[in-house]
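Trainee: okay, here's the prediction I keep looking at, along with the sequence it came from:
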Amino acid sequence: MGEKQKIRFIANPRSGVNRKRNLADLINRNLDHGRFDHELCYTERAGHAVELAKEGVELGFDLVVACGGDGSVNEIASQLIGTNVVLGVIPIGSGNGFAGHLGLGRDVAKAIRHLNDGKPITIDTCTMNGHPFVNLAGIGFDGVVAKRLHDSPVRGFWAYLRYTLEEAWAYQPQLLDIQVDDQKISCRCLLVEVANAPIYGYGFSIVPQAIFTDSKMEVLLIKAAPKWRYVLESWRFLTHSFHKSPLAACYSGTKVVVAPANSIGAHIDGEGFQLMEAANFSILPASLKVLVPKAYAEILR
């Protein structure tokens, strides 16, 4: 047998709604110890996952595994971009949108077993004002919801649904100047989504045409409309067809700029914040290695 590969698991003990799982025991029972040597690190403060991932690269780990939600994936992936270190994902967050897109589901034990025979693929990553993201970034309504969820002591689907419904009645669409490559658009929008991959948390596919190996970003605009129109179109979330709504407009490009008239809610891979300036997006083609289930890798061939 060849030399064992080295894995560093990085876990947020307070991530999502699954924080009470015995992760160490699950790893010990499901990881192939004949192939891997591993260590499990728990984050202790904000930004600690970034430090641990960077250290993992410097120490020569072959695989660094994000054990958490999309926010944890974002932090850890940010340090692996442009390296030969492979990103793994164990879905222990709330929404787990990126893990869902990789075909990992929400079963932690099964996701660990996928590490044993998974295949690395190389995907694109993107940046928003220099901050990397692997899945989605948004400006407007979903940014406000993400910020409320980030600040809330309650996580999970029902908290997400509550804040979505509350903001659906309170949020007012904002005037945005948008440029996708050489095309310019100015309109009042409910939201603008810039996608490298298609899935929000909880399996909602917001931009199903997004492919994270095609060297371009997909941009979805949801135009301002009476609130009852949004209600009538909400069924499209269940059929992955919101991009086909008459309220939507879709674009593709490698450079995107979104300039709000005022401060506005935004998110990067589901982590909400207040955007105070124009957002400049760019894509980094084939910049991150990600371990995916064997069956998923076969589909991409």
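Mentor: Thanks, I have the structure now. None of the values given here were measured: they were computed from a predicted structure.

Trainee: which regions of this protein sit below the pLDDT cut-off?
Mentor: Residue ranges of the chain with pLDDT under 70: 1-2, 14-21, 202-203, 297-301.

Trainee: which helices and strands does the helix or strand harbouring Cys250 pack with?
Mentor: Assessed by DSSP states H and E, Cys250 sits inside strand 248-253. Applying 3 or more CB pairs under 8 Å, 6 or more residues apart in numbering; DSSP states H and E, one finds that strand 248-253 makes contact with strand 174-180, strand 183-195, strand 217-223. The C-beta positions use only the backbone N, C-alpha and C, and glycine is treated the same way.

Trainee: run the angle between the helix or strand just after it and strand 183-195 for me.
Mentor: Using DSSP H and E, the helix or strand that follows strand 248-253 in sequence is strand 255-260. Angle, strand 255-260 to strand 183-195, by axes from the mean of the first three to the mean of the last three CA atoms, to 10 degrees: 100 degrees.

Trainee: okay, strand 255-260 in CSV with CA atoms only?
Mentor: Written as CSV, here are the backbone C-alpha positions of strand 255-260 (Å, rounded to 0.1, in the frame of the first residue of the first chain):
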residue,chain,number,x,y,z
LYS,A,255,-17.4,40.3,-15.1
VAL,A,256,-20.4,41.6,-13.2
VAL,A,257,-20.9,45.0,-11.4
VAL,A,258,-24.0,45.7,-9.2
ALA,A,259,-24.2,49.3,-8.0
PRO,A,260,-27.0,50.1,-5.5
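
Trainee: how far off centre is it?
Mentor: 19 Å (CA atoms, centre = their mean, to the nearest Å).

Trainee: within the sheet, what are the partner strands of that strand, with directions?
Mentor: strand 174-180 (antiparallel), strand 279-292 (antiparallel) (DSSP bridges).

Trainee: list the buried residues for the first one?
Mentor: In terms of neighbour count (16 or more other CB atoms under 10 Å), strand 174-180 has its buried residues at 174, 176, 178-180.

Trainee: now the angle from that strand to strand 248-253?
Mentor: 40 degrees.

Trainee: go on, the last one?
Mentor: What separates the directions of strand 279-292 and strand 248-253 is an angle of 80 degrees, with the same axes, to 10 degrees.

Trainee: which parts of the strand holding Cys250 are buried?
Mentor: Quick answer for strand 248-253 (16+ other CB under 10 Å): 248-249, 251-253.

Trainee: how about stretch 259-279?
Mentor: For stretch 259-279, by 16+ other CB under 10 Å, it's 260, 264-272, 275, 279.

Trainee: got it, and stretch 96-106?
Mentor: Per 16+ other CB under 10 Å, stretch 96-106 contains these buried residues: 96-102, 104, 106.

Trainee: show me where the stretch 101-250 of the chain has helices.
Mentor: 108-117, 141-151, 157-170, 227-233 (DSSP state H, counting those that start in this stretch).

Trainee: the strand or helix carrying Cys67 pairs with which strands?
Mentor: Taking DSSP H and E as the definition, one finds Cys67 inside strand 63-68. Strand pairing for strand 63-68, determined by DSSP bridges: strand 5-11 (parallel), strand 86-91 (parallel).

Trainee: Asn262 and Gly95: what is the separation?
Mentor: Separation of Asn262 from Gly95 (CB to CB, to the nearest Å): 28 Å.

Trainee: go on, Glu3?
Mentor: Distance, Glu3 to Gly95, by CB to CB: 37 Å.

Trainee: the two: which is more packed in?
Mentor: Legend: neighbour count by other CB atoms under 10 Å for Glu3 and Gly95, higher for Gly95 (26 against 7).

Trainee: next, that one: secondary structure please.
Mentor: coil (DSSP: H, G, I helix; E, B strand; the rest coil).

Trainee: I'd assumed Gly270 was in contact with it.
Mentor: Yes: with contact taken as CB atoms under 8 Å, Gly95 and Gly270 are classed as touching, separated by 6.1 Å.

Trainee: if we can go back for a sec, deepest of the helices of the stretch 101-250 of the chain, which one?
Mentor: helix 141-151 (a mean of 21; mean count of other CB atoms under 10 Å).

Trainee: for that one, packing partners?
Mentor: helix 157-170, strand 183-195, strand 264-268, strand 271-275.

Trainee: would you turn those into JSON lines with distance to Thr127?
Mentor: Output for the helices and strands packed on helix 141-151, formatted as JSON lines (distance: least, CB to CB, whole Å):
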{"stretch": "helix 157-170", "distance to Thr127": "26"}
{"stretch": "strand 183-195", "distance to Thr127": "10"}
{"stretch": "strand 264-268", "distance to Thr127": "9"}
{"stretch": "strand 271-275", "distance to Thr127": "14"}
